[in-house]
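Q: A predicted structure for the sequence below; I have some questions about it.
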4 protein chains.
Amino acid sequence: MVQKSTQQHQSRPPAPSPTKPAPNSTRRSERSRRAIYEAALELVVELGYPKTTIEGIAARAGVGKQTIYRWWSSKADVLLEAFLDLFAQASREAGAEPYVIPDTGDLAADIKTVLRATVDQLKDPRYAAPSRALAAEGLVDEALGRRCAATLMEPSLQLYADRLHAAQEAGEVRPDIDPRIALEFFVSPLAQRWLQYTGPISYEYVDTLVDYALHGLAPR
Amino acid sequence: MVQKSTQQHQSRPPAPSPTKPAPNSTRRSERSRRAIYEAALELVVELGYPKTTIEGIAARAGVGKQTIYRWWSSKADVLLEAFLDLFAQASREAGAEPYVIPDTGDLAADIKTVLRATVDQLKDPRYAAPSRALAAEGLVDEALGRRCAATLMEPSLQLYADRLHAAQEAGEVRPDIDPRIALEFFVSPLAQRWLQYTGPISYEYVDTLVDYALHGLAPR
Amino acid sequence: MVQKSTQQHQSRPPAPSPTKPAPNSTRRSERSRRAIYEAALELVVELGYPKTTIEGIAARAGVGKQTIYRWWSSKADVLLEAFLDLFAQASREAGAEPYVIPDTGDLAADIKTVLRATVDQLKDPRYAAPSRALAAEGLVDEALGRRCAATLMEPSLQLYADRLHAAQEAGEVRPDIDPRIALEFFVSPLAQRWLQYTGPISYEYVDTLVDYALHGLAPR
Amino acid sequence: MVQKSTQQHQSRPPAPSPTKPAPNSTRRSERSRRAIYEAALELVVELGYPKTTIEGIAARAGVGKQTIYRWWSSKADVLLEAFLDLFAQASREAGAEPYVIPDTGDLAADIKTVLRATVDQLKDPRYAAPSRALAAEGLVDEALGRRCAATLMEPSLQLYADRLHAAQEAGEVRPDIDPRIALEFFVSPLAQRWLQYTGPISYEYVDTLVDYALHGLAPR
DNA sequence: CGTTAAGCGAGACGGTACGTCTTGTCTTAGT
DNA sequence: ACTAAGACAAGACGTACCGTCTCGCTTAACG
């Protein structure tokens, strides 16, 4: 799924714009692309996103500026692809199935497991710095924001939706619930605390979220 | 003795930072401050945050750049104060109690009322543009992010916490629920959909959030 | 003569411009004036003329900027008066007749004596720095340049003219010579070497100038 | 000699300063350089040197500021090169031998011819304004002053020295005279009158200078 | 297997905005 | 009323990047 949407972005065979010569990707230097990914991610972690410049990325990657402008349209664009690449790479290294929500038959436990892993990842600056940077840029550039949502978040969110659907069939969740809304009870509060510093993040916190969400706030 | 100690002309007892002369705020031009607020908000709405520059704000406000740098440390800093001022002004104009969650005895209805008003506000570009800009900058600048959370969001969030506490005492919410976590079921999903384009926003949507949150996802 | 032209500048009793309130010089702070002179001269020696700012002078003199703008029209104006004051002060301290060309009956010897003293003075940074600064500003601002010529140089030049005139009467100089031109053979080459780095300055050099000037370049 | 010192300045093979990347002059835009020269000279004539700004030069030349800062170190530096270029260009246009002192066998007449041409040039604002500006800046910035002396004045002065030397061999000038000093009797008085407004400039004046200098002030 | 056109590194270019500095005016207290 | 202090509008400074545009030089694809 992730791969599909990524392909969608990278392949522009029909060359829709006649003004641009449409670079020939068969001649593209793989070496440069990797170096640019690495440099971009490193600089965002080291300097923060605003101090990361295209000139800086080019310099660290040992690459001409034009090589960046030829293949990407903006700093955020570079970073988005670099981040997707990081994910793909991490997944490949982790082997097996990296991003699947387990289904042990106990929805609460399964969701907690995944959320705890997410908490760990949010605290790793290697992931946190680029994520925040992309989220920030996406807030202000709607097109980028939608692309981030579609490529970075949508695949994961769909996993939640799928797991909730399975839970509905198992009778663990009410059949009238819309999984696309229900999943937000798990991910949105965590996302907001992380992005906007509205509260601390911990295993205990995500466990509480799951319990509250499943059983409701009202007495029964 | 007296003379000798007077020679010590360099003693600045409070003076925490020796580098900045700390401008005298009693002489500050109220006229300039208001003009800067207005110009900043207008430009963010018209051009978007990234194309809003300090030079542009100064020019539109009819103010020297130094007057901005004297009183604020960054573009985001200006915008935060301008936005707070906009809120304060709006509140004053609205008169009475502008930001209180009603307590009719029906928690669900009250929360829905407030969330529907929030939905309307999120769609008003006068508020939306600066909010997104500040949120974006806060993502990448932790100090600013914490200030935004504390000054812009915390007051509203506390109102939810208070209303939930009242509902607990009225028996509408389980007594073991932490209101500071519970409130996130109402605001975080909405915030995320708005900020990250993960879904559409509507009255129906927020109503659904309230129902799901109060009664839980699991069958009872 | 010097006093006359100086007075001409400082006292503006008829108040020609009705827009300016024409400061009342009787209330003027003598203390501030002296402090400004000292600060200006020190800063020009320490930092050079271009890095000497009105703000810097005010700060070192412990004086408000307005006090400078009230009484002088420009940085060069301050420096010119400060320099004239330095001269007047030095003359008073030196007592007797400070600036007279001796008349021993030997024109060559007398001129050499004075020129050697001038060489010494040109090498004293206390005089050299402000002189160069004023000369520089005068090159580019004709009004100032004429005032410098009239107040700083003219008195000295007239002394040469007078001495040459006396020499004419004594038969040491041809009667058809114009002293106002002849004196330039003594002062201009020295001035140019000093101002424009076109050659070294020494006692021997000025002695040579005098000999060449008196007896001509052509064989006799 | 002149060439040697010029070379010394231009060729810096050992690259003494590691901080500056030293721009690659083979890629330099000739078009920009000429436009900058023209703009600088025009602005100095129109506005005067102090009101000529680097930003103004860049704007009129249709050039980025960095293009100026990349190749020159200061406003005066630009102007010096622009002025040298103006000279070189004028010489090329004048064809033949532009700057040679004639040798008709009559030293007095030859020098008068050249000085009269100089008087004309000093009154042409196209030359006068930049000259004064450079002289002014050179007074206050010794490095620049020496460069002006070496590049602008030295070549001309050497022509006088050469002509005087020839006159010595022809018996028109005493053999014990140092031409490097003697020439100052012709150029320095004129320079001072021009630079410092110490007197009027005319053909008659320079003729008088030549006569006085050759035959001396003393009766014979 | 050599030609050739592309991508490549490098970096100069016209620009824009930065944050700082200074100018000359104006305002506020203090004496 | 003049002063010390300093905020103000204005605008130049020199720097950092932007995104575009050549330059030669690899280097892969096709003829």
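A: Yep, that arrived.
Q: how about the helix or strand encompassing residue A:185 as PDB, C-alpha atoms only?
A: Here residue A:185 sits within helix A:184-196, counting by DSSP states H and E. The C-alpha atoms that make up helix A:184-196 are tabulated as PDB, following Å, rounded to 0.1, in the frame of the first residue of the first chain:
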ATOM      1  CA  GLU A 184      -9.000   8.400  16.300                       C
ATOM      2  CA  PHE A 185      -9.600   7.800  20.000                       C
ATOM      3  CA  PHE A 186      -6.400   5.900  20.000                       C
ATOM      4  CA  VAL A 187      -4.100   7.900  17.800                       C
ATOM      5  CA  SER A 188      -5.300  11.500  18.000                       C
ATOM      6  CA  PRO A 189      -4.900  12.200  21.700                       C
ATOM      7  CA  LEU A 190      -1.400  10.700  21.500                       C
ATOM      8  CA  ALA A 191      -0.600  12.700  18.400                       C
ATOM      9  CA  GLN A 192      -1.800  16.000  20.000                       C
ATOM     10  CA  ARG A 193       0.200  15.500  23.200                       C
ATOM     11  CA  TRP A 194       3.200  14.800  21.100                       C
ATOM     12  CA  LEU A 195       2.900  17.500  18.600                       C
ATOM     13  CA  GLN A 196       1.600  20.300  20.800                       C
END
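Q: tell me the residue of chain A that sits nearest chain B?
A: Residue nearest to chain B within chain A: residue A:216 (2.8 Å; C-beta to the nearest C-beta). C-beta here means a position set from N, CA and C on the backbone, and glycine is covered the same way.
Q: got a list of what the residue lying closest to that residue once chain neighbours are set aside touches?
A: If you skip the residues right next to it in sequence, residue A:216 has residue B:216 as its closest partner in space, 2.8 Å away by C-beta to C-beta, 6 or more residues apart in numbering or on different chains. Residue B:216 is in contact with A:213, A:214, A:215, A:216, A:217, A:218, A:220, counting by C-beta atoms under 8 Å, 6 or more residues apart in numbering or on different chains.
Q: which of the residues you listed ranks first by neighbour count?
A: Ranked by neighbour count under the definition other C-beta atoms under 10 Å in any protein chain shown, the contacts of residue B:216 are headed by residue A:217 with 25 neighbours.
Q: least confident secondary structure element in chain A?
A: helix A:2-10 (a mean of 37; mean pLDDT, DSSP states H and E).
Q: reformat the contacts of residue B:216 as JSON lines; add secondary structure.
A: Formatted as JSON lines, those follow (DSSP: H, G, I helix; E, B strand; the rest coil):
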{"residue": "A:213", "secondary structure": "helix"}
{"residue": "A:214", "secondary structure": "helix"}
{"residue": "A:215", "secondary structure": "helix"}
{"residue": "A:216", "secondary structure": "coil"}
{"residue": "A:217", "secondary structure": "coil"}
{"residue": "A:218", "secondary structure": "coil"}
{"residue": "A:220", "secondary structure": "coil"}
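Q: and the residue of chain A found nearest chain D, how many neighbours?
A: Closest residue of chain A to chain D, C-beta to the nearest C-beta: residue A:59 (11.5 Å). Counted with other C-beta under 10 Å, the neighbours of residue A:59 add up to 13.
Q: just how off-centre is the helix or strand where it lies within its chain?
A: In the assignment (DSSP H and E), residue A:59 maps to helix A:54-61. Here helix A:54-61 shows a centroid-to-chain-centroid distance of 24 Å under the convention C-alpha atoms, centre = their mean, to the nearest Å.
Q: so which residues make contact with that helix?
A: A:32, A:35-36, A:38-40, A:42-43, A:47, A:63-65, A:67-69, A:75, A:78.
Q: swap the cut-off to 6 Å and go again
A: Residues outside helix A:54-61 that contact it (C-beta atoms under 6 Å, 6 or more residues apart in numbering or on different chains) are A:35, A:36, A:39, A:40, A:43, A:65, A:68, A:75.
Q: next SSE after the least confident helix or strand of chain A?
A: helix A:30-47.
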